[in-house]
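A.B. asks: Below are the sequence and a predicted model for it; my questions follow.
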Amino acid sequence: MNWLATKLEDRGHQVVKELHISTSQGLRKPDLTVWNNQAARILDVQIVGDSNVGSLVHLDDMKIRKYNTPEITSKVAELTGHTLTVGAITINWRGVACKRAVATLKKLGLRNADLNIMILKAMEGGLSIYSNYMGMAGGGDVT
């Protein structure tokens, strides 16, 4: 998420990480709130496993529904000065990204090379988590 925030800033966007938004449902902290002089977006990032029920689009939709509420969108619009779009960046642990996430990131100025690096970082993170888990479970190191 930090790498993505930096890339978006490099492309001319203002970025707030984990903006705290108080709602009637409790505190919400979307991973990234991104805006420039034209538009604003909430982006929530998730790395999912194959065991999750549903397609990447379904999992993407679930994240979008969580943040696409009038209470949240009005507060972010007030901060950014724009109506906003709510999106998700969904990648599975094998490095397959939801097509909608790829399209969103390209609209925000990321290039194919940036997307490849982001996917590799997601895969590295997944391997690190797995390796740590196996070490705690007595399975040894996988690297």
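C.D. replies: It's in. Because the structure is a prediction, the values reported are computed rather than measured.
A.B. asks: check contacts around the most centrally placed residue in the chain.
C.D. replies: By CA atoms, centre = their mean, the chain has its centre lying nearest to residue 45, at 1.8 Å. Each residue near residue 45 by CB atoms under 8 Å, 6 or more residues apart in numbering is listed here: 1, 4, 31, 32, 88, 89. C-beta: built from backbone N, CA, C; applies to glycine.
A.B. asks: And it, what's its pLDDT?
C.D. replies: pLDDT, residue 45: 93.
A.B. asks: Could you give the bridge partners of it?
C.D. replies: For residue 45, the beta-bridge partners are residue 89 (DSSP bridges).
A.B. asks: Against residue 81, how distant is it?
C.D. replies: The gap separating residue 45 from residue 81 is 24 Å, by CB to CB, to the nearest Å.
A.B. asks: what does residue 61 give?
C.D. replies: Distance of residue 61 to residue 81, given as CB to CB: 27 Å.
A.B. asks: and the helix or strand of the chain with the lowest mean pLDDT, what does it pack onto?
C.D. replies: Sorted by mean pLDDT, DSSP states H and E, the helices and strands of the chain end with helix 112-136, the least confident at a mean of 80. Counting contacts by 3 or more CB pairs under 8 Å, 6 or more residues apart in numbering; DSSP states H and E, helix 112-136 packs against helix 2-10, strand 40-48, strand 84-92, helix 99-107.
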